[in-house]
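**Student:** This is a predicted model, with the sequence first.
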Amino acid sequence: MSNLHAGKVVLVTGGGSGIGRATACRFAREGAVVIVSGRTLEPLQETVSLIATHGGRAEALQANTVHEEEVARLVATIVDRHGALNVACNNAGVPGAGRASDGYSLDQWKHIVDTNLQGVWLSMKHQIAHMRTDSGGAIVNVASVAGVVGYYQSAPYTASKHGVVGLTRAAAIDHATEGIRVNAVCPGPVLTPMLVQAKAERGPQADEFYLSHIPMGRLGNPEDVANAVVWLASDEAAYITGQALAVDGGWTAQ
């Protein structure tokens, strides 16, 4: 532990499992007070308990990032209880795979895009509104390799993650003079519950599809992504903004 985030207040959305849980735990090990949010309280409380077991400080707050009133209340509660919001990792999202681009209903499209893109925009909107009145801050959005390349049978997911990368770059420019840095990470396939769901949607060829695209020959771990998020949000990355960092075992280098 190097205390990269000692004394900081950090929000991780989608903090109940996978990349979100690993990121919350890593922030806590770096000295931050961590708030994890999500739609369901029980897995968030499990993350909090895991952090507490290792001597960290964390709190669980229920919020669905698709609904603006819940996002506004989440940020206001954090600032009221902890006095600040220094860092946010916008990780909440859903998969969506297994159909050609014309095979989705409008409701399926909206569910994926609203969660993965609108949810990030709403989160940033209220996070930035506080950060600009304080001393700035750092935001890291979790996109995907599907945010920089086309993804087979995943049109709404690919569109939503491309949107997250574009939103990240635009917001970084908009708020650079306010001391607010905005970056993204673009994970490749990572061993998480979301990947398990995506593999089930893709069918038995899923493992071959994923591994054939990864020069390093393995799937990622949540900690691989967490390490990148925590560094990008730290003062060690103080001159980095508007970037989309691939954490993908070489997928997008090809």
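**Tutor:** Now that the structure is in, tell me what you want to look at.
**Student:** Do a quick rundown of the helices in the stretch 101-250 of the chain.
**Tutor:** For the stretch 101-250 of the chain, helices defined by DSSP state H, counting those that start in this stretch occupy the ranges 106-113, 119-131, 155-175, 193-202, 206-211, 222-232.
**Student:** between the ones you listed, which gets nearest to residue 184?
**Tutor:** Of all these, helix 155-175 sits nearest to residue 184, with 4.2 Å by Cβ to Cβ. Just so you know, the C-beta spots here come from the backbone N, C-alpha and C atoms, and that holds for glycine as well.
**Student:** So which elements touch that closest one?
**Tutor:** helix 106-113, helix 119-131, strand 137-142, strand 180-187, strand 244-247 (3 or more Cβ pairs under 8 Å, 6 or more residues apart in numbering; DSSP states H and E).
**Student:** hmm, try it at 10 Å
**Tutor:** strand 87-90, helix 106-113, helix 119-131, strand 137-142, strand 180-187, strand 244-247 (3 or more Cβ pairs under 10 Å, 6 or more residues apart in numbering; DSSP states H and E).
**Student:** The first one pairs with which strands?
**Tutor:** Spelled out, it's strand 87-90. Strand pairing for strand 87-90, determined by DSSP bridges: strand 9-13 (parallel), strand 137-142 (parallel).
**Student:** Quick check: closest non-adjacent residue to residue 188.
**Tutor:** Distance criterion Cβ to Cβ, 6 or more residues apart in numbering; nearest residue to residue 188, sequence neighbours excluded, is residue 248 at 3.1 Å.
**Student:** Also residue 98?
**Tutor:** Residue 98 sits nearest to residue 201 (Cβ to Cβ, 6+ apart), 3.6 Å away.
**Student:** quick one: low-confidence parts of the chain?
**Tutor:** 1, 97 (pLDDT under 70).
**Student:** In it, which residue is most central in space?
**Tutor:** residue 91 (2.1 Å; Cα atoms, centre = their mean).
**Student:** Could you measure from that one over to residue 85?
**Tutor:** Distance from residue 91 to residue 85, counting by Cβ to Cβ, to the nearest Å: 15 Å.
**Student:** And for residue 118?
**Tutor:** Counting by Cβ to Cβ, the gap from residue 118 to residue 85 is 20 Å.
**Student:** Residue 103 too?
**Tutor:** Residue 103 is 40 Å from residue 85, by Cβ to Cβ.
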